[in-house]
Structures are given as C-alpha cells and as structure tokens.
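**Student:** Sequence plus predicted model, see below.
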Amino acid sequence: MSENDNYWLRRAQSGSLTRRRFVGGSAAAGVGLAGLGLVGCGDDDDAATPTKGAATSGTGASPSAAASASASAAPAAAVQKGGTGRFVSANNTWDTFDVDRSRFSPVAWLMGYTNLGITQWKNFTKAELEGGMAEKWEQPDKTTTTFKLRPNVFWHNKAPVNGRASTADDLTQFIKRNVAGKTQDGADDSNFYRKSAYQNVESVTTTDANTVTVKFSKPDPFFLTTLAGSYSKVQAPEAVKAFEKDYASLKADLVIGTGAFVLKEWAAEGKSTWVRHDKFHTQVNFDGIQWFPLFTDQAAQQAAFEQKQLDSFSPTQNAVIEDLLKRFSGKIKENKVFSGNPQAGTYYGGAAPWNNANLIGAIHRAFDRRSLISSLLQGKAALSGNVPPPQAAFGITEKELITFPGYLEDRAKEEAEAKKMWDAGGGPALGEIIVDIPDIWEGLYSGGSALITNQLKKVLGNTFTAKIEPYSTISTKVSKAQYGNGKNNIWWGWITEISDPEPSLLNYLLYNSSQPQFQQFGIKIDKVDTLTSAAVLEFDIAKRQAMGQDVERELLKANGAGQWYSLVGVNSVLDWNYLKRPELVPFVQTHQTGAQVYMDQKDPTWAGRT
Amino acid sequence: MKNYILRRMVVNVPVIWLVATLVFLATSVLPGDFVAQRLAAQDPTSTDAASREAQIKRVRQELGLDESIPVRYAKYMGDLARLDFGVSFANKQPALDSLKDGLPYSLQLAVMSLIIALITAVPIGIISAIRQDGPADYGLRFFAILALAMPNFWVATRALRYVVRWKLWDIPSSTSPLLWEDPVGSLKLFAIPAVAGGLASGAGIMRLLRSQMLEVLRQDYIRTAWAKGMRERTVIVRHALKNALVPVVTVLGLTLAGLLSGNVVFENLFGIPGVGNKILVAVRSRDVPVVQAFVIIIATFVVFVNLGIDLVYGLLDPRIRYS
Amino acid sequence: MAQEPASLDIAGPSPVGFRTYSDLSRAHRWYVSVRRFMLHKPLGALGVILIIMVSAAALFSSTIANHDPETIFKKVAVNPLCDPVLAEQALTDPTVRLKYPAAVLDCGGAAQPLLHVAPSSEHWLGTDVLGRDLYSRIIYGAQTAMLVGLGAALIATVFGIIIGVVSAYFGGTLDFIIQRFVDTLQAFPPLVLLLLFGQVIADISLRTNIISLGILGIASTVRIVRSAVLSARQEVYVSAAQTIGASDARIMARHIFPNVTAPIIVTFTSSIGIYILVEATLAFLGLGDPTRISWGKMIEEGRRLGPASPGVAFYVGCALTLTVLGFNLAGDALRDALDPRMRGRGGRAGF
C-alpha cells in the first residue's frame, strides 16, 4: 500500500498546494527538501510495496531493532554523530499547531520532528511501512486491525503532559478524534481535513494496556498508510484538552509529542529551535535542529553554505550548482529529487468552449513542454502525464508517453496538428483567451507566463493574455468550474501536491464521476470510472499499478480529462559530505531526521563547521 | 504657542480618522479575504464547492467577517477609540505584538541609515555650497545625484557580492543579532543595508542642504557678517548653517518616519525580521487587524513628527511665530 | 511665457547681446539657447542627452534593438555529453534523470537555449536567464520605464495642479478639508498604499502601478502648487483682475497658473526619475506587472544567477541608473535655470 491518507485527504478535501512551499523559490525548497531531511527519489515503489499481510510480517516486525542496532554500532565505528543541523525556512505560513486540523505542510514538517504517528514510512523508495508509536500491528481478518503499543515511548516534558509514558489509550483517542471530526464541545469542525480517510472505521477500543483494536465497516486497503501520513501525528489527549482553543496562537509550548525533537523556540518568520528528546525510544542522531530565515540574495545564500552556516542548500540555477560543485569538488554532493508539485493546468470540460476536443486538444498540443523544460527549467524537469514520474510505478513510461499528442518529439507536426484542430474547432472565433497564472509560480519562474502565452499565440494565432492571480482566486475558480464553462480562459501552474508514492485514491477522487470533486472538471469516461472504483478496493498492489497505467492512458486520450499535465521539475539539493541521508523523496516526511539522517563529525568536511 | 499646539493636535484628529477609515475601506474591498487566502493554500483541484463554502462560512463567522461592513466599521471605530487594535487573524495574538517584535530591527536599521546619511550629507552639502560651481561642487553634486539615481536594491546586492567575493567579512545569516545583543555580528549584518540606504537619503539631504545654504548665503545678514570681517568658519557654521538646517530637519523627520515603517527591500534581501517584512506578509495574507494597526500607528507617528517639526522650526528660526 | 527663454538667457554672461538675440531666426535662437545651456549647465545637458537616449529607446525600440525581446535563442549542436544508452534508460526509468546531468540524457538533437551566454557580436550584452537577448530587452524595458515615469508624473501633476490651485485660491473650509486629505495621503505608509491598491484591483498591471504611483505623487504636488499660488495670490495684478470682475476660473487660469509653472516643471521632471525607481523596486519585489519587460524584474532575474553570472543584473542596473540620473540632472538644471533664487552665491546678476 502506499499511501498516507493525508495525501488523499488533502487532495480530497483540502488540498495541499501550499503556496509557501514555492514562494521564495530556492529558500522554500530548502526547507521542503533539504531542511526537513525528507528525502528520496521515490519512483519505484513497486514490487516491494507491502500488501496488508506483508506489512504485518515484513515491516511490523521490529523496526526499532534495526534502527537502534545501527545507532549503537555507529558511534563505536568511525562515525561520530551529533551536532545541530541548520536548515533554511523562509516564507512558510502556518495555520494551527493542532496537527489534526492543519493543512499547511510546514506544520507537517514541524510535527515530523516532534510527534510520532502510529505508523510511519520506513522507506519511500521501497514503500515500506514501520511502526511509530505502535510497535507492530496484526490483521486477524479483513475488517480488523490491532496495534501493539511500543513500550518505551515517552511524551515531551512539557505541561500538562510532563513526560509521562504513553498509553494505548493515547492512540485510541487520536483515532477517535479524527473519526468524529468534532471539537470537545461536540461541534462538528470541518477543519478535521482528514476525516474522510477514517470513514471506514467502525469502532476503536483499547482492548488492554498496550493494545488498540480498530474495526472497519468494510475492508480498507489504505488505512495503515493513512496512519503514516505526514499530518497523522499523535498528540497527547490532555494537551488536546487543554490547548484545543489555543492551538492557533502558535506557541512552542503547545507542541507536545513523542518524537525525536522537542520544540524549544518557534517564530513564523524567524528562527526556530528543536533539541533532542532524551527519552525518545531510539537514539537521536542530532543534538538539535535549527531553522532560520535566510537572505533572499543568491550570493549571500551561497556564501552561507560555503561557510557551513548551512548544511544544505537548494539553488535554483544550474550556473550556481555547477560553480559550487566545481569549487568544492569532492566535498559537497548534489542530490536531485523530483518536485512534489507537477505543473499543469485544469479546465472544465463539461461545457463550451472546452467540451470541444478539437479546441482543448489544440491547446494541449500547442503547449511546448520541451521548450519550457529546456529554457525555463534549464533542463531540470521530466515530462509528466496524469500520473507523474514520482509515482512512475502506477503510470506509463516516458517512452509510451511521448507517443501521445502533446508529448511528441516532432514539434513541427505537433504545431501543424494543433493549428488544424484549432481551426476545425472554430478557435479563431474565440478571440482573446485569458491564461491565469499563479503569482508565486511567476515569482519562481520569472518570465514564464510571457513565455507560455507567446508560445500559444504563435501556434494558434489568437491573443493569449497572461493574468497573474493569487492561488486563492484560482482555486476558487477551479472549484466553481469557471475555467471554460462559457469563458475563454484556462489556467496553468502547480497543481495537486504529491504526498505519497501511489496515485490510486487521488485518481478515484478526481476522475471518478461519482465523486464531488469530479464536478470541477466534468469529463466522464466510463472506463476510468470502472478502473478507479476497482482500484480503491484492490489489495493487490500489482493490479493497482496496472489499473493506474490504464487510467493514465484513458486520461491522456481525453486531453488529460480536465487536468492538463505537463512536467515535473527536478530540484537539486547540495549537501556538505558530512550530512548523510538515507533517501531523498518529494514527499513531506521529517520523521526520518531523528533516526535516519545524521552528520558525520569524522568526515573531513566537518572541519570548520562551527 | 500653547494654543497653537492645541489647535494643531485637534486638526490631526480628522487626519488620523481619515487614515483609519481609508485603511478600513481598502481592506474591506480587498478581493479574497483572509479566509479565502487561507483556503487557497490548498490545492485548487482538491475541494468540491459545497464543502469549501461551508468551511469559508464557518471561519468567517469565527473572525467576525460575516457582519455587514457598517457594523464592522462601527465596532472597529469603537475599539480604536479605546486604543484596541484587535487580534491578528493569523496567530490570534494582539495585532500590535507582531509589529512590536519587528520594531527593534527596523529601528536599528533606520537609525544607522540616518547616521550615515547625516555624516555624509552635512559636510558635503556645506562644501558644495561654498564652492558653488567649482569642480568640488560638480563632483560632489554628481555623486549625490548618482546616489539618488541608483536603485538601492541593486546597490545592496552588488555590495553584498563584493563582500562575499573578496571575503571581507562573514555575514551572519543564521541569526539577526541586534546591536545590543551582539555588536560585531550586528554591524556585519546591518552594514550594507545601512550604507546603501543611508547614502540615498544622505544624497537627498545633501542637495537640500546645499540649496538652502546657497539661499542663506545671499541674505543680508551674511553679507553683514562678511563685511564685519568674521572668519569664514564662523560665518558658515554660526550664521549660515544654523538657518539652512531648518528645512533639513523637516526632511529628517519624514525620512525617519519612512525608515521606521520598515525597509521591505533590505529586510527581504538580508533576512532581517523587521516591521517591513511583517507588514508585507500581513497584506499578502489579508491579516487585516495587523495591517490596520500598522497603518494607523505609522500615520499617527508621521502626523506628530510633522507637528514636532513645525515646533522645531520655531526654535531654529525666530522669524516664525505661531499664532 | 516669455520667461523661460529669458531666464535661460540671463543665465550666464551672454556672448550675444539681448537685442541681437531676439533678432535671430527662431532656429538660430534655439541653437544659441541650447548651446548656452550646454556650456553653463554641462550636467543638465548630460541629463538631457540621457533622456533623449531613453526616449529614443522607448519610441523606436524595434529599430534600436537588434532582436525580438521575447525570442529564446537556441543553438543546434551535437551534444558531446550525450549518452544514448542512458537516454534510452531514462525513457523507462525516471530515476535516471535524478542521477545524471540533463545534458547527458539529451540525445534528441533538439536545439538548446543559450542561457546567459557572454556578450558577443550577435548578442551585444549576452543573453538572460531564459536565453533572450539582453541588449534588446533593456531597450524594450525603456518603454515600461518611460510609461510609468511619464504616466505617473502626468497624473500627479494634472490633479495636483487642479487641487492645489483650487485649494489655495478659495481657501477657507474647502482648503482645510483638502489639506486634511493631503495630510492623510502623506501620512499613509506608501508601501502599504501601493500594496493595497495593487491588491484591490486584483490584477496587477502596469496601469495599476502607474495610477497608484500617480495618486501617491498628488499630495506633494498639491503642497508645492498651493504654496506657489498662495504667494501669487498676493500679487497686485490678481487683485486688479478681481476688481475688474474677472471670473474665478479666468483668474486662476490666466493670472495665477502661469506664475506657478516653474516649480511645476521642476517637480514634474525630477519626479519622473523617482517613479521609475519605485516601479523598478516594486517589480524587483515581484509586485509589478509580470508580463511587462521591466528593468526591476530583470535585475531580480539576473540576481538569481548569483556570482556565477553577474553581468545580467549589472547591465540592467546601469540602464536604470542612467535613466533616473538623466531625469534628476535635467530636473536640477531646470530648477537652477527657472528659480531665480538658485542662481549662485549672491546671484549671477550682481554682487
């Protein structure tokens, strides 16, 4: 299985195209990728992805054993861990410290340091889960799962929890709160964004001092990944009770978890500090973590990295990367990771003008993805169909993708076809066409909106006018089906963030005509309905992969079926050699930082880091 | 005199009221209120319209945005009269608090810039005036006019580049120390923005001072002073400069007010958590109470600086009488 | 109206006598005035030359630029780094793209954009971050700068004059109210005003920025005009006109306005530079119209290249500086020429 529920959830009801993730470009990327120690290159979550049974035996076994083994073995060997990791955080915004009711990914990053989930990702590349606060789990039948509490888990020593040992009841309360989606006064709160991921839960009971039993109304292949989601972090029940009304005040005291780090000092735009949680269940590799805002100036950022004031750095420009790699050859390394945010546009295909396959198909083909990649993204991107490369196991290969219209290598043919379709569909009569572009996209890819509109204009002949809009405007228009649907407009930018290695649930929510979100796009394809409905009930991962590929083929034939995918960026993260990470993935996961990421103080490059 | 001050104070009340009303209106008609901005942080493709509307309605209710504009205006004015600026939408803290956090940084930058402005502007302005149309005057004026013409963000980024390239000093990027916390580190960080900002405002002051000096130097009493055979230094400093400084004080006051409202460009470039940065975030996220508090406080400050300036005028120039 | 040439005329020891001067042909008189201005206000002349250059760049962009500013220049060349085996692998395994530089996987032979290349005979200042000709973009950027500068200055001046003259001429309650509005505008933090204005309109376009900058400028123009009018109102010829029953509108237009033109011309000229600078700052901060070619935005784009390719930001910054410098120098020279009080120590006329 693969997914964290939050992914669906987020997509499902709240979404996660967090603007802060992009604002400020390299700085934000610094947090997203480097800072958080998230990691990975998770495209192939294929064969190793555990099915339910496999998860029980395979990953549930004893993840801590391995972790502590390496932790204790390591110091004895040549590695000396420790130190305070320093990463950049800029332009992040925050909604609340009540993670159950948050939808801002910086909150998820922060909570990854401080709070454990019931389960967590052990490895994104192989899509393996392991226990978090639960040590292991069992599945006596298809509608029951029992979790065994990890014995040596303690809460942070902050009032009102004061460092007590965790109990099975903590887990029960956490699941119950998300199932109910209510605040303590009994009122429904739509801010429990992930409630729908818990909808199959029938009951949760604390069966004994360290066992929690969850019963489901119907089989749920995705529940364990729901619990591993980046927002599925367990908070202490007494803290929830005491702070529920106060969480939005965003104070460090409000964050109480069982995770590797204790939040000491926090400022939305300033410096934030975490220190090691001494009673964490396994060894923590860092003395602490610091985030700080950095100059927006590229030269200053680069200098800070060169002087090791920063352990990790994500420049946007190849020129900067090449310069650094040359001057610090052998001392720093470049890690590349797919962006979590594919670039695409969406449109409403249920009414004129975009219900005309000739018109939307012409735009789809006229859009020069390769030119965008080579100039705007300096070659650092890959073509993307409706299943983007970070989820490649569930989509078609690029080799197949480039046989579909819009992705052909033969540009001249593409443009000629586009023009033919445009004329056939009556495109020239449409007159001016507005292209909405998110302000933060244009902020990162300065000049990109002019590039896109000039290109469309050149191929199709109509005037295409770029209009820069905040995401609030664009998302409101999307949800009200106002792109197309009688208007000559479309938008382009980052769409739904990928937060886990599998697209099955998202495909269901977006493309299945029984789902409310489908109405935003309105292109009904019977075969897609069948495939997506089947995939969410399918326990066999290989079958889900095949279904995902078929879904993508059908969507591409229909010009993306309302979602006009184009490309996924590749981000570069430069690390000093002393910073060691297990994997780099585009997903928001910081729980790895404590036990899997470390700084090797015996590494020659450590010298001079103060 | 007392009457004059009193009358001026009374006149300032409608100005502050106008500012408060203007900012209220502007923030009320902003497209996409705080709630929409918040929800926009989510993925546009993810929510269906109905559940989204429900969410928006609920949050609007919590923030009191569901009432009609006249009702909100009345409440807002009532709160203002009690000096209550409301609570930030973003973190539920008093709106003034987030500005207070930024103030020391903006203040330090402002004062440093002003000092640099003055130590460059005053001597240059005097020399340029007394050597009018000489090579020194042309050179200095050209320098001043060039300093005014160069975009300060460009100057700052160029300067930063040379500091980094020639390894002149390490700029502390992980902290933003204030002068009283870490004097050396603070100077390293603030030096470039203070100089880049100071030179530009210094150039303006220098030009003003020069033209004032020229005017004053033509006055009869200066001629008399020369005629009496007084030393040049005495004439310049005691007679001319003192009078030429009067309008300069005006500009100084307004410069300070401008600098206090935070220099967004420099705070942004150098990662200084000052008022300018906070206000930029507040406007973008539609954190209306913070924007309102900021505007009203800065406006009040400017209004009273203006009053203060007029009074200083009187002290420096006995010809001005208040009636 | 005869004042302007006259004051220029007096501005220095004249090689030509007054009578001779007025006898000269119009063209020749022009020539003499210009020559005199150049000789006695060399800095002002430099400013005028700079303004002429920028205006020419803005008006005749397509002639002066040698390329289209939006075209991305590409080069077709055999890619020596291409590894066909890896390129083939990348088609089936996207992770290959994370392990090798993009150039290694590029075997399609497609033309590659010339990203920030060094200056050459083809691209005089090189190309920018996206591979567009930098020199041509700087030339086209002059259009935006001039539009903003002139547009905002015009708005500020026209409305400033109307409001200032009315306020000063009628005085009383009307004056009081207008002055309170002017106070309000001046007390409002300008950045917030610009931000709010841009966001109220929702769609930041060049027009929005011009209008908001113009509105900001009204306050100071009103102040200057008002004080000039107040002193002109005391003049005898104004009371004379009133006595013979001239209408208010006529007095304002015929008797008062001509007497306040000098400070208006000076303010107009030197404020253009300021508006250009503010627009560039807004664009630099990402608050400008992103679809326009703006120098501020170009500096921001160039800055991203960091130390690796500093030229882009440098050239654009120079263009911006020289333009603003031109208006500042010209404004200064005009003020010296038009304001008799400014004419040197003790004045050129005597002493």
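**Tutor:** Done, it's in.

**Student:** From the rest of the structure, what touches stretch A:448-455?
**Tutor:** Stretch A:448-455 has contacts (CB atoms under 8 Å, 6 or more residues apart in numbering or on different chains) with A:366-368, A:371-372, A:375-376, A:435, A:437, A:441-442, A:464-466, A:468, A:492, C:70, C:72, C:130, C:290-291. From N, CA and C alone the C-beta is placed, and that goes for glycine too.

**Student:** So which of those are in strands?
**Tutor:** Mapping the contacts of stretch A:448-455 onto strands (DSSP state E) picks out A:435, A:437, A:464-466, A:468.

**Student:** State the pair within those that is farthest apart.
**Tutor:** Farthest-apart pair in the ones in strands among the contacts of stretch A:448-455 is A:464 and A:468; separation 13.8 Å (CB to CB).

**Student:** For the spatially most central residue of chain B, pull up the helix or strand it's in.
**Tutor:** Central residue of chain B (CA atoms, centre = their mean): residue B:258, 1.7 Å from the mean position. Secondary structure assignment for residue B:258, by DSSP states H and E: helix B:242-260.

**Student:** The next helix or strand after that helix near chain C anywhere?
**Tutor:** Sequence order places helix B:264-270 as the next helix or strand after helix B:242-260, per DSSP H and E. Yes. Counting by CB under 8 Å from any CB of the partner chain, chain C has neighbours in helix B:264-270: B:264-265, B:268.

**Student:** Pull helix B:264-270 out as PDB, backbone CA atoms only.
**Tutor:** Extracted C-alpha coordinates of helix B:264-270, given in PDB (Å, rounded to 0.1, in the frame of the first residue of the first chain):
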ATOM      1  CA  VAL B 264      10.900  46.000   2.800                       C
ATOM      2  CA  VAL B 265      13.600  45.700   0.300                       C
ATOM      3  CA  PHE B 266      16.500  45.400   2.700                       C
ATOM      4  CA  GLU B 267      14.700  43.400   5.200                       C
ATOM      5  CA  ASN B 268      13.800  41.000   2.500                       C
ATOM      6  CA  LEU B 269      17.300  40.800   1.000                       C
ATOM      7  CA  PHE B 270      19.100  40.400   4.300                       C
END
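
**Student:** need the next SSE after the host helix or strand of residue C:88, C-terminal direction.
**Tutor:** Using DSSP H and E, residue C:88 falls within helix C:84-92. Sequence-wise, the next helix or strand downstream of helix C:84-92 (DSSP H and E) is helix C:96-99.

**Student:** what helices or strands is the helix holding residue C:88 leaning on?
**Tutor:** helix A:398-401, helix C:96-99 (3 or more CB pairs under 8 Å, 6 or more residues apart in numbering or on different chains; DSSP states H and E).

**Student:** what comes into contact with the last one?
**Tutor:** Counting by CB under 8 Å, 6+ apart, helix C:96-99 makes contact with A:41, A:336-338, A:382, A:389, A:570, C:86, C:89-90, C:105, all of which sit outside it.

**Student:** and if we set it to 10 Å?
**Tutor:** Helix C:96-99 has contacts (CB atoms under 10 Å, 6 or more residues apart in numbering or on different chains) with A:40-41, A:43, A:334-338, A:379-382, A:389, A:398, A:568, A:570-572, A:584, C:86-90, C:93, C:104-105.

**Student:** Selecting buried members of those residues in PyMOL, what would you type?
**Tutor:** Only the buried members of the contacts of helix C:96-99 enter the following PyMOL selection, criterion being 16 or more other CB atoms under 10 Å in any protein chain shown:
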select buried, (chain A and resi 40+41+43+335+336+337+338+379+380+381+382+389+398+568+570+571+572+584) or (chain C and resi 86+87+89+90+93+104+105)
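
**Student:** quick one: pLDDT of residue 130?
**Tutor:** Let's take chain A. If you check residue A:130, the pLDDT there is 90.

**Student:** You answered for a different chain; I wanted chain C.
**Tutor:** Residue C:130 is assigned 86 on the pLDDT scale.

**Student:** now the helices for the stretch 301-450 of chain A?
**Tutor:** Along the stretch 301-450 of chain A, the segments classed as helices by DSSP state H, counting those that start in this stretch run A:318-327, A:357-366, A:369-371, A:398-401, A:411-424, A:439-444, A:448-460.

**Student:** So is the fourth one next to chain C?
**Tutor:** Going back to what we said before, that points to helix A:398-401. Yes. For helix A:398-401, a contact with chain C is found by CB under 10 Å from any CB of the partner chain, at A:398-401.

**Student:** Can you mark which positions in that helix are buried?
**Tutor:** Buried residues in helix A:398-401 (16+ other CB under 10 Å): A:398, A:400-401.

**Student:** Sort out which one of those residues lies nearest chain B for me.
**Tutor:** residue A:401 (20.7 Å; CB to the nearest CB).

**Student:** Touching, that closest one and residue A:567? I think so.
**Tutor:** No. Residue A:401 lies out of contact with residue A:567 (CB atoms under 10 Å); the separation is 11.0 Å.

**Student:** Which residues are in contact with each of those two?
**Tutor:** Residues touching both residue A:401 and residue A:567 (CB under 10 Å, 6+ apart) are A:382-384, A:389, A:407.

**Student:** Quick check: longest strand in chain A by residues?
**Tutor:** Criterion DSSP E: the longest strand present in chain A is strand A:563-576.

**Student:** Send over the helix holding residue B:258 as PDB, restricted to the C-alpha atoms.
**Tutor:** Extracted in PDB, the C-alpha atoms of helix B:242-260 (Å, rounded to 0.1, in the frame of the first residue of the first chain):
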ATOM      1  CA  LYS B 242      22.100  77.100  11.500                       C
ATOM      2  CA  ASN B 243      19.500  78.700   9.300                       C
ATOM      3  CA  ALA B 244      20.000  76.400   6.400                       C
ATOM      4  CA  LEU B 245      19.300  73.400   8.700                       C
ATOM      5  CA  VAL B 246      15.700  74.300   9.300                       C
ATOM      6  CA  PRO B 247      14.200  72.600   6.200                       C
ATOM      7  CA  VAL B 248      16.600  69.800   6.600                       C
ATOM      8  CA  VAL B 249      15.000  69.000   9.900                       C
ATOM      9  CA  THR B 250      11.700  68.600   8.100                       C
ATOM     10  CA  VAL B 251      13.200  66.100   5.700                       C
ATOM     11  CA  LEU B 252      15.000  64.300   8.500                       C
ATOM     12  CA  GLY B 253      11.700  63.800  10.400                       C
ATOM     13  CA  LEU B 254       9.900  62.500   7.400                       C
ATOM     14  CA  THR B 255      12.900  60.300   6.400                       C
ATOM     15  CA  LEU B 256      12.800  58.800   9.900                       C
ATOM     16  CA  ALA B 257       9.100  58.100   9.600                       C
ATOM     17  CA  GLY B 258       9.700  56.400   6.300                       C
ATOM     18  CA  LEU B 259      12.500  54.300   7.600                       C
ATOM     19  CA  LEU B 260      10.500  53.300  10.600                       C
END
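
**Student:** Pull the distance from that helix to the chain's centre.
**Tutor:** Relative to the chain's own centre, helix B:242-260 is displaced by 12 Å; criterion: CA atoms, centre = their mean, to the nearest Å.
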